[in-house]
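Participant: Provide a 3D model corresponding to the input given below.
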Amino acid sequence: MGLLIIDETKCKKDGICARECPMVIINLKNGNGFPEMVPGGETICNNCGHCVAICANGALSHANVPIEKSPLIEKDLQIREEQAVQFLRSRRSVRFFKKQPVEKETLQRVIEIARYAPSGGNLQLVEWMVFTDAERIKEIARVTVEWMRNLVAEAPPTLPPYIPMMIGAWDMGYNSVTWSAPALIVASAPQEATTGMVDVSLALSYLELAAQNLGLGTCWAGVLEGALQGSAEVRESVGLPDGHPYHYPMMVGYPKRKYSRLPERKAPKISWK
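Facilitator: Modelled structure (predicted):
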C-alpha cells in the first residue's frame, strides 16, 4: 500500500494536489485519472501534508498524515486583523511569576501546540526538556552564575555590563538568571536538523504565543543560553542530549501581574527593491 489513499467516490481529478506538492511527486494517472505517487516518490516525500490540506473534497489521505487527524479549517475560528495584532503585541517577557506550579497537563498542551511550528525540510526534529523542580532550576541558575564569574575573571572586552550586576544580585540572594519561574523548558535539535536554530526558535515562538491563552507567561532565558554555549558544566547540569548543538531555554509560569497596554516599538526599516 502506498502513501496516498484516494477516495475515488469523492475525487474530482482536478489535479490540485499534484500542482500543490512541493516535492513534485504526485501526478494524475494517465494524465487525467486519479492522483498517484510517481515511482520512487515515497522515498523523498517529506510528509508535509499539503496534499491532504489542499483537497477541498476530502478525497485524499496520506499514510503518515491521515485525514482523520487533519481537521477542517473552521471559518468561525478565524480572527480579524485587529484581534491578531493585539494578540501578537500583547506578548510580554514575563520575569515575575506567582508561587504556583504549572500543571504537567498545561505544559504538555503548549508543547503539543508548538509541534505545529514549521521546520526545515519538515524534519520535525525539535525535542523538549521540562524542569519543574525548584531546586533543580535553582541549581542550573547557580552553575550559570559560576560561569559568569569565570567570564568576569577573564575580563573580555565585550563583556556585557549586566553580567557583574547579575552576579552581585545573586550574591545578595536575588536570582535574575531564572527569576522565580516555576518551570523551565529547553527546546533542542540535533546536528542533522538542516535549520536547527531556526527550528528551535520557531517552536519556542509558537509555544510562548500558545501559552498566553492558557494564562501563562514566558521569557527567553538568554543568559542561560549563553552559558549553555560557553560552559560544559552548565550543559551537563541541564543535561542536553548528546549531539544537540541547537538549543534555547524558556522560563514559564503564571504571571504575578497583568499588563494593560501595548508598548510601541521602532518603525520597521524596509528597503524596497
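Participant: wait, isn't Gln191 in contact with Gly243?
Facilitator: Yes. The criterion here is Cβ atoms under 8 Å, and Gln191 meets it with Gly243 at 5.4 Å. Heads up, the C-betas are built off the backbone N, CA and C, glycines and all.
Participant: can you map out the strands along the stretch 151-273 of the chain?
Facilitator: Along the stretch 151-273 of the chain, counting by DSSP state E, counting those that start in this stretch, strands occupy 183-189, 217-220, 246-253.
Participant: tell me the most buried of those strands?
Facilitator: strand 183-189 (a mean of 25; mean count of other Cβ atoms under 10 Å).
Participant: now the angle between strand 246-253 and that strand, please.
Facilitator: 160 degrees (axes from the mean of the first three to the mean of the last three Cα atoms, to 10 degrees).
Participant: Please save the CA atoms from strand 183-189 in PDB.
Facilitator: Extracted C-alpha coordinates of strand 183-189, given in PDB (Å, rounded to 0.1, in the frame of the first residue of the first chain):
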ATOM      1  CA  ALA A 183       9.100  25.800  35.100                       C
ATOM      2  CA  LEU A 184      11.900  25.800  32.600                       C
ATOM      3  CA  ILE A 185      11.600  24.400  29.100                       C
ATOM      4  CA  VAL A 186      14.600  23.700  26.900                       C
ATOM      5  CA  ALA A 187      14.000  23.100  23.200                       C
ATOM      6  CA  SER A 188      16.900  21.500  21.300                       C
ATOM      7  CA  ALA A 189      17.600  19.900  17.900                       C
END
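Participant: Give me the contacts around that strand.
Facilitator: Applying Cβ atoms under 8 Å, 6 or more residues apart in numbering, the external contacts of strand 183-189 come out as 101-102, 107, 111, 114, 125-132, 137, 140, 178, 196-197, 199-200, 203-204, 207, 221, 238, 240-241, 244, 246-253.
Participant: again, 6 Å this time
Facilitator: 102, 125-132, 137, 196, 199-200, 203-204, 240, 244, 246-253 (Cβ atoms under 6 Å, 6 or more residues apart in numbering).
Participant: measure the residue nearest the centre of the chain to Asn47 for me?
Facilitator: With distances taken as Cα atoms, centre = their mean, Ala203 lies nearest the centre of the chain, 0.9 Å away. According to Cβ to Cβ, to the nearest Å, Ala203 stands 17 Å off from Asn47.
Participant: same thing with Phe96?
Facilitator: Phe96 is 41 Å from Asn47, by Cβ to Cβ.
Participant: Kindly report the same for Glu264.
Facilitator: Distance from Glu264 to Asn47, by Cβ to Cβ: 42 Å.
Participant: who's more crowded, those two?
Facilitator: Between Glu264 and Asn47, Asn47 has the larger neighbour count (other Cβ atoms under 10 Å), namely 14 against 7.
Participant: was I right about that one contacting Asn64?
Facilitator: Yes. Between Asn47 and Asn64 a contact is recorded at 4.5 Å, counting by Cβ atoms under 6 Å.
Participant: rewinding a little: could I get the strands of the stretch 151-273 of the chain as TSV with distance to Ala84?
Facilitator: Shown next, in TSV, are those (distance: least, Cβ to Cβ, whole Å):
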stretch	distance to Ala84
strand 183-189	24
strand 217-220	19
strand 246-253	22
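Participant: This completes my enquiry, with thanks.
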